[in-house]
Each structure stands twice: as structure tokens, then as C-alpha cells.
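*Asks:* Need a 3D model of the sequence below.
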Amino acid sequence: MVSVLVLASLALPGTLKADVLPLGGSFGTADGCLYARTGVPTNEDTLFLLTPNEVATAVSVCQFRKVLASSARGYAVQAACSARDSGEQADIELDIQVSEYDRITVKLAEGASWGPLGRCP
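*Replies:* Here you go, the predicted structure:
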């Protein structure tokens, strides 16, 4: 996962106040939604979970710090990301795109994207 390597290499110290997105629930892959219910990460390649507070994979988590912009099509969010086995954080910007079919795609600045993610049951 190239995204995780980029996140781990951009380490910035500090903690900021978190923002919450008005998503009305969690969105994810099947493994991401299972993680939302159990708290146990599963498959590294297919676990993606978006909650109102963060976006997570099996190996990394990005906590939302500030909503930079919002529209009917989504949000630009500043997030503090870290690998699950590291305390170091990287500040990145995420583009969270909402489709008319209740699906969400998370795009990272370096070009990677996660999704589309469906609403978790």
C-alpha cells in the first residue's frame, strides 16, 4: 500500500481539535463494516472504513482535524494520519466525495483513492 508509506514518511508532531463529518453513519467495504462492528481488523487489502471522525484501513488511520470545505458533493478535510503500529502522525488533506447513490470515495492528495464505500448496516 503506497499510501501507507507516504503517510508514514510525512511525520508531523502534535494533536489538533477534531472535526466531525455529518455522514449519518459509517461507510466501508465488507471488511471495513465488520471492523466497525467488532473492532478487530481483518484483511489488509480490503479493509476500508469511513466514520464521521476518521477513515481507517487495516494498517493506518486518519483522524479528521478540520473540515476545510464542504458542498453537496463532499468535503475537503485536513487529517492526522498514522500507521497503526506507529505513534508518528502525518498531516494530509483528504477529498471525500459523496455520490448520489449513497456511496463515498476518499481521495488522497498523492492520487490514491479508497472506494467507493457503501453504507454499513
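*Asks:* what residue is smack in the middle of the chain?
*Replies:* residue 55 (2.0 Å; C-alpha atoms, centre = their mean).
*Asks:* SS state for residue 95?
*Replies:* Under the three-state scheme (DSSP: H, G, I helix; E, B strand; the rest coil), residue 95 adopts strand.
*Asks:* list the helices and strands the strand ranked longest in the chain packs on?
*Replies:* The strand that spans the most residues within the chain, counting by DSSP state E, is strand 60-71. Secondary-structure packing of strand 60-71 (3 or more C-beta pairs under 8 Å, 6 or more residues apart in numbering; DSSP states H and E): helix 2-9, strand 54-57, strand 74-83, strand 89-98. Every residue, glycine included, has its C-beta placed from N, CA and C.
*Asks:* ok, that strand: who's next to it in the sheet?
*Replies:* Strand 60-71 sits in its sheet next to strand 54-57 (antiparallel), strand 74-83 (antiparallel), going by DSSP bridges.
*Asks:* Many thanks, we can stop here.
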